[in-house]
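Peer 1: how would this look folded up:
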Amino acid sequence: IEFDFTELPVLTEPMVFDIVLASTNDAGIQVGFNDEKPTVQRMTICPALESTTGFALGDYTLTVPTGDGPFGPQFADGTVVTLTVGSGGEFTRVFQADYLPGIGAGLPVVDVDFTFAQGGTTISGPISTGVGCGAEILLDTGDAA
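Peer 2: Next up, the predicted model:
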C-alpha cells in the first residue's frame, strides 16, 4: 500500500485508520484465517514532535490518583484546570491548582509544570507549595501520567 502525503497538511494529532482486506483478485489467495473475514489492520501515523507544539492547551479536568494526606487531599479531584504554554517553551505546559484545599484557605495556588519529551511526559521537578520554608511536593520527575 502506498500513500502520497504531499497534499496532506502537517499532522498535529495522530491519524488513525483501518485497512480492511475483504477480497482479492487472485483465486489462489484466501482472505482471512479459518473462514474469519475480513482481515483488518489498524494503522497509526504520528505527527512529528515539532508539529505538535500547539496541542494540549485549554481546560482539562484534574484527576488525582493519590490518597489523602494528613490535611486531606493535596489537590481537589475533578477540578477544572487550564493548560497553557510553560516558561520552558513550546513543549512545556503549566497549570495552576489549589494546594491543600481541605484546610479551607484555598491558597497557595501552585504551578505544576511538565514537558513533552520523546516517548513521554516529564514533570519539571519538585513543586513549591509556598507553605513554610522550602516546602515542596516531591513528584517522580520521570515519565508521568
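Peer 1: from here on, contacts and neighbour counts on C-alpha atoms
Peer 2: Will do.
Peer 1: how about the nearest residue to Thr117, chain neighbours excluded?
Peer 2: Careful, residue 117 is Ala and not Thr. If the residues on either side of it in the chain are set aside, Ala117 comes closest to Phe91, at 7.7 Å by C-alpha to C-alpha, 6 or more residues apart in numbering.
Peer 1: Now do the contacts for that neighbour.
Peer 2: Thr53, Val85, Thr115, Phe116, Ala117 (C-alpha atoms under 8 Å, 6 or more residues apart in numbering).
Peer 1: okay, the residues you listed in TSV with neighbour count next?
Peer 2: Below are the contacts of Phe91 laid out as TSV (neighbours: other C-alpha atoms under 10 Å):
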residue	neighbour count
Thr53	16
Val85	21
Thr115	20
Phe116	17
Ala117	12
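Peer 1: Which of those residues fall in strands?
Peer 2: Val85, Thr115, Phe116, Ala117 (DSSP state E).
Peer 1: Check those and tell me the two furthest apart.
Peer 2: Taking C-alpha to C-alpha, the two most distant members of these are Val85 and Ala117; they sit 14.5 Å apart.
Peer 1: So for stretch 114-130, what gets flagged as buried?
Peer 2: Residues of stretch 114-130 classed as buried by neighbour count (16 or more other C-alpha atoms under 10 Å): Phe114, Thr115, Phe116, Thr121, Thr122, Ile123, Ser124, Gly125, Ile127, Ser128, Thr129.
Peer 1: End to end on stretch 76-95, go ahead and measure it.
Peer 2: 14 Å (C-alpha to C-alpha, to the nearest Å).
Peer 1: just stretch 24-42 next, same as before
Peer 2: First-to-last residue span, stretch 24-42, C-alpha to C-alpha: 19 Å.
Peer 1: Good, wrapping up.
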